[in-house]
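K.L.:
give me coordinates for this.
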Amino acid sequence: MPLSGVEKFVGREEELQNLHQLLQDNKQVAIAAIAGMGGVGKTELALQYASKQRNTYNGGLCWLLPKTGDVGIQVVQFARTQLDLKPPEDFDIVAQVQYCWRRWRKGDVLLVLDDVSDYEEVKPYLQSLPSRFKVLMTTRQKLGRIAQLSLDVLQPEAALELLKSLLKETPGRIEKELALANQLCEWLGYLPLGVELVGRYLARKQDLSLAEMLRRLENKRLDERSLSKSKSEADMTAQRGVLAAFELSWQELEDSDKQLGCLLSLFAVAPIPWKLVEQCLPEEEEEELEEIRDDTLLNLHLLQRKGEGIYQLHPLLREFFQYKCTGLDKVEELKRSLCWVMVRVGQDIPETPTLQQITAVSPAISHIAEVANNLIQYVSDDDLFWPFIGKAIFYEAQGLYNQALPWYEQCLEVTKKRLGEEHPDVAESLNNLAVL
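P.N.:
This is a model prediction of the structure:
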């Protein structure tokens, strides 16, 4: 893994410091992991750390790739070619690795294991390491008691700076469309891989406006070419596009995990109260759902816990799960179930709610809107009224009449189109508008 010519990774200075502290504070053999969802920049951060601290590790750097083959064999091959060591061939592979550790070049050593999916496969080779060795792993999983730096997406300001740095050949381009640049970063969920791929795509297409770029992303979603790894981008640390990066985690999921991920993707791009998820799957045991959530989706960094009983998908992961939903047998059933739950929530909003009731229902409001705007075809004729009325009452009861009005108008339009102009719900919609 070449370290020369590495540019500063925008927005990760604090993480680099925390990582160094994790590895250096322990005077014994230190093992630390950079964990996070695909595309968040784990390998890039490890590369930046190795480059910045290369003088600290005067015993050398050994970069290993567990996904490409047995780590022990990789260590022995490295020792033979780079250190001129000759472990006895009649030793088993673990003994050969231990032989290499004992005779390694003097000084502190950094071992990087990039993209570890099963710690138990590499653990035997790390059992007898001398204390001067520091081990850094990157992983999509949470690895038990191992010291861990959880890598999140970039802050909005850092994402914008990263985009600017990629378009430095066309100065002023971001400033001319600053609001659109911020929208672009937001659509990408501030995911470093997404921002880098789109930035490089824009750099190649200097006449492409940010407005058109955003339109293409919104229309083509994850199929947009700018989210794929181009063969011309040989200097990128990431080896895959966004879709391919997420696909690796998808392959580790069981059918029940995929079903839950699909359901979560049907909710709005907003924090999701877990009790709503449970209501959508009434036939599933609560403990089984919790195990899928905690042991799989959270463990693989496919889901984030935002607070007590509140969870959220990253916007691009939501797109990915929706992308995968088309291949699941129960997707239509899941959509109808979500709609049924959100209709019930809308029905339960009182016309004169208390502040406590408004606070309690607020986390569901975005998801009611998602049903009204994108899943209304899965709502029965008898319930068609409620996603719109629930939203309207929520705003009207707070005196937010301008925000209530569009929902009453949308209710009139949708009920008239599906039920006909003579239906009582159409009359009720006209009455609600008159009252407002």
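K.L.:
which regions of this structure lie under the pLDDT threshold?
P.N.:
Within the chain, the set of residues satisfying pLDDT under 70 comprises 1-9, 26-29.
K.L.:
what sits against the residue nearest to the spatial centre of it?
P.N.:
In the chain, the centroid-proximal residue (Cα atoms, centre = their mean) is H314; its distance is 4.2 Å. By Cβ atoms under 8 Å, 6 or more residues apart in numbering, the residues touching H314 are 37, 153, 189, 191, 304. Glycine gets a C-beta too; all of them are placed from N, C-alpha and C.
K.L.:
change it to 10 Å
P.N.:
H314 sits next to 37-40, 152-153, 188-191, 194, 246, 269, 301-304, 320 when contact means Cβ atoms under 10 Å, 6 or more residues apart in numbering.
K.L.:
give me the subset of these lying in strands.
P.N.:
Q304 (DSSP state E).
K.L.:
what ranges does the stretch 251-400 of the chain have for its strands?
P.N.:
272-273, 304-307, 310-312 (DSSP state E, counting those that start in this stretch).
K.L.:
among the ones you listed, which is nearest G11?
P.N.:
Closest approach to G11 among the strands of the stretch 251-400 of the chain (Cβ to Cβ): strand 304-307, 18.3 Å.
K.L.:
who does the closest one touch, helix- and strand-wise?
P.N.:
strand 310-312 (3 or more Cβ pairs under 10 Å, 6 or more residues apart in numbering; DSSP states H and E).
K.L.:
gap between the strand it packs on and the chain center?
P.N.:
A distance of 13 Å separates the centroid of the chain from that of strand 310-312, by Cα atoms, centre = their mean, to the nearest Å.
K.L.:
and for stretch 230-248?
P.N.:
With Cα atoms, centre = their mean, you get 16 Å for stretch 230-248.
K.L.:
could you chop this protein up by domain?
P.N.:
13-150, 156-240, 253-276+289-329, 330-436 (automatic domain parsing).
K.L.:
out of these, which is closest to E283?
P.N.:
Among these, domain 330-436 sits nearest to E283 (Cβ to Cβ), with 9.8 Å.
K.L.:
quick revisit: are any of the contacts of H314 buried, and which?
P.N.:
Among the contacts of H314, those that count as buried by neighbour count (16 or more other Cβ atoms under 10 Å) are 37-40, 153, 188-191, 194, 246, 269, 301-304, 320.
K.L.:
can you give me the distance of T354 to V361?
P.N.:
Relative to V361, T354 is positioned 11 Å away (Cβ to Cβ, to the nearest Å).
K.L.:
with F385 instead?
P.N.:
Relative to V361, and taking Cβ to Cβ, F385 is found at 17 Å.
K.L.:
the helices in the stretch 1-150 of the chain, which residues?
P.N.:
Under the criterion DSSP state H, counting those that start in this stretch, the stretch 1-150 of the chain carries helices at the ranges 13-24, 42-52, 71-82, 93-102, 119-122.
K.L.:
the ones you listed: which one's closest to R418?
P.N.:
Closest among the helices of the stretch 1-150 of the chain, using Cβ to Cβ: helix 42-52, at 48.1 Å.
K.L.:
what is that closest one packed up against?
P.N.:
helix 13-24, strand 30-35, strand 61-64, strand 109-113, strand 133-139, strand 147-150, helix 192-204.
K.L.:
of those, which is nearest E44?
P.N.:
Nearest of these (Cβ to Cβ): helix 192-204, 7.1 Å.
K.L.:
could I get the CA-only coordinates of whichever helix or strand comes after that closest one as PDB?
P.N.:
Sequence-wise, the next helix or strand downstream of helix 192-204 (DSSP states H and E) is helix 210-220. Extracted in PDB, the C-alpha atoms of helix 210-220 (Å, rounded to 0.1, in the frame of the first residue of the first chain):
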ATOM      1  CA  LEU A 210     -24.500  21.400  -9.900                       C
ATOM      2  CA  ALA A 211     -28.200  21.700 -10.500                       C
ATOM      3  CA  GLU A 212     -28.100  19.100 -13.300                       C
ATOM      4  CA  MET A 213     -25.900  16.900 -11.200                       C
ATOM      5  CA  LEU A 214     -28.400  17.000  -8.400                       C
ATOM      6  CA  ARG A 215     -31.200  16.300 -10.900                       C
ATOM      7  CA  ARG A 216     -29.400  13.200 -12.200                       C
ATOM      8  CA  LEU A 217     -28.900  11.900  -8.700                       C
ATOM      9  CA  GLU A 218     -32.600  12.400  -7.700                       C
ATOM     10  CA  ASN A 219     -33.700  10.700 -11.000                       C
ATOM     11  CA  LYS A 220     -31.300   7.800 -11.300                       C
END
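K.L.:
let's have the chain start at 855 instead
P.N.:
Okay, residue one is now 855; in that scheme the one you just asked about reads as helix 1064-1074.
K.L.:
the helices in the stretch 1155-1290 of the chain, which residues?
P.N.:
Under DSSP H, counting those that start in this stretch, the stretch 1155-1290 of the chain gives helices at 1169-1179, 1185-1201, 1209-1228, 1240-1250, 1255-1273, 1278-1289.
K.L.:
buried residues in the last one, which are they?
P.N.:
Just to be clear, that refers to helix 1278-1289. 1279-1280, 1283-1284, 1286.
K.L.:
ditto for the longest one
P.N.:
Taking 16+ other Cβ under 10 Å as the neighbour-count basis, helix 1209-1228 is seen to contain the buried residues 1215, 1217-1219, 1221-1226.
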